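[1] build me a model:
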Amino acid sequence: EEGGGSAEEAPDSLLVQVPVIHEVLDALGIARLGAADHEADDVIGTLARRSDRPVLVVTGDRDLFQLVDDARGVRVLYPRKGVGDCDVVTDSLVRERYGVPASRYADLAVLRGDPSDGLPGVRGIGEKTAAQLLAEYGDLAGVRAAALDPASRLTPARRRNLLAAADYLDVAPRVVEVADDLPLPRIDPAPPGTPADPAALEVLAQRWGLGGSLRRLLETLAAAPAD
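    Have a look, this model is predicted:
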């Protein structure tokens with residue numbers, strides 16, 4: 001994905017690997033998508049939104065919990081201790097763990113804060129308090145409206161902290177919320193059973209020492225059932 005907007009800066013050690021990853025994916029025949037000024041999360045969100053069949057998003061980024069939709073069969077496969085130990089995240093699991101529906105997870109993250117996104121959160125508001133506020137006032141906009149309403153039941157300290165965080169609350173949702181309406185081209189997502197360019201793949205494997213990683217990927221692709 002090309003940088004810009006509110007996208008996070010990728011470390012230099014990762015940037016140098018991206019062209020190699022692209023070459024390997026092309027040689028394999030695995031479709032890839034990107035969008036200028038957007039992160040991969042936004043591409044995933046758009047693909048999940050426009051899919052007409054169940055979707056399983058594999059990610060270690062909890063921000064993508066906001067995509068979970070039991071009615072549409074959109075779930076997240078969230079690794080706990082590597083890819084061999086994962087949670088299948090449903091709306092009920094998000095409610096159980098965080099006290100909010102999946103659709104409100106982004107609001108929870110903004111209020112609570114998330115160091116992985118560089119979000120400090122609102123002073124004095126942790127996860128449980130954020131969930132309580134969202135349960136009472138519906139969403140982040142409702143919580144902010146309550147802070148402005150002298151008749152609301154917010155404590156003076158909580159009201160003061162929310163109002164003091166107004167500038168942060170104006171911009172933080174753009175960091176956490178996942179776009180789902182990018183104008184992405186249509187692609188064939190079906191994984192290839194065999195590499196599209198075996199000769200190019202062999203050159204890349206030798207040059208970059210892909211070894212066992214590539215072998216396991218090829219075995220997995222060969223074993224994948226036809227759609």
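[2] surely D181 meets A48?
    No: applying Cβ atoms under 8 Å, one finds D181 not in contact with A48, separated by 11.6 Å. Glycine gets a C-beta too; all of them are placed from N, C-alpha and C.
[3] tell me the mean pLDDT over the lengthiest helix in the chain?
    Longest helix in the chain, counting residues (DSSP state H): helix 211-223. Mean pLDDT, helix 211-223: 93.
[4] in that helix, which of the residues would be classed as buried?
    By neighbour count on 16 or more other Cβ atoms under 10 Å, the buried set for helix 211-223 is 214, 217-218, 221.
[5] tell me the phi and psi of V55?
    phi -130, psi 140 (degrees, to the nearest 10).
[6] in the sheet, who's paired with it?
    In this structure, V55 bridges to V74 when assessed by DSSP bridges.
[7] list the contacts for it?
    Contact analysis of V55 by Cβ atoms under 8 Å, 6 or more residues apart in numbering lists 47-48, 67, 72-75.
[8] let me know the closest of those to P198.
    Set against P198, the nearest of these by Cβ to Cβ is L47 (28.0 Å).
[9] any idea how far the one helix or strand that closest one maps to is from the chain center?
    If you go by DSSP states H and E, L47 is part of helix 40-50. For helix 40-50, the separation from the chain centroid amounts to 9 Å (computed by Cα atoms, centre = their mean, to the nearest Å).
[10] D87 should be in a strand, yeah?
    Yes: counting by DSSP: H, G, I helix; E, B strand; the rest coil, D87 falls inside a strand.
[11] in which helix or strand does the closest residue to it other than its chain neighbours reside?
    Residue nearest to D87 in three dimensions, not counting chain neighbours: Y78, with 4.7 Å by Cβ to Cβ, 6 or more residues apart in numbering. Secondary structure from DSSP H and E places Y78 in strand 74-79.
[12] how about that strand: buried residues?
    74-76, 78.
[13] kindly export that strand (C-alpha atoms) in PDB.
    Below are the C-alpha coordinates for strand 74-79, written out as PDB (Å, rounded to 0.1, in the frame of the first residue of the first chain):
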ATOM      1  CA  VAL A  74     -17.600 -12.200   8.800                       C
ATOM      2  CA  ARG A  75     -15.200 -13.500  11.500                       C
ATOM      3  CA  VAL A  76     -11.600 -12.900  12.600                       C
ATOM      4  CA  LEU A  77      -9.100 -15.600  13.200                       C
ATOM      5  CA  TYR A  78      -6.900 -14.100  15.900                       C
ATOM      6  CA  PRO A  79      -3.600 -15.800  16.700                       C
END
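[14] coming back round to it: of D181 and A48, who's got more company?
    A48 (21 against 10; other Cβ atoms under 10 Å).
[15] how near is that one to L93?
    17 Å (Cβ to Cβ, to the nearest Å).
[16] local confidence estimate at the residue positioned nearest the centre of the chain?
    Nearest residue to the geometric centre of the chain (Cα atoms, centre = their mean): L64, 3.2 Å. If you check L64, the pLDDT there is 97.
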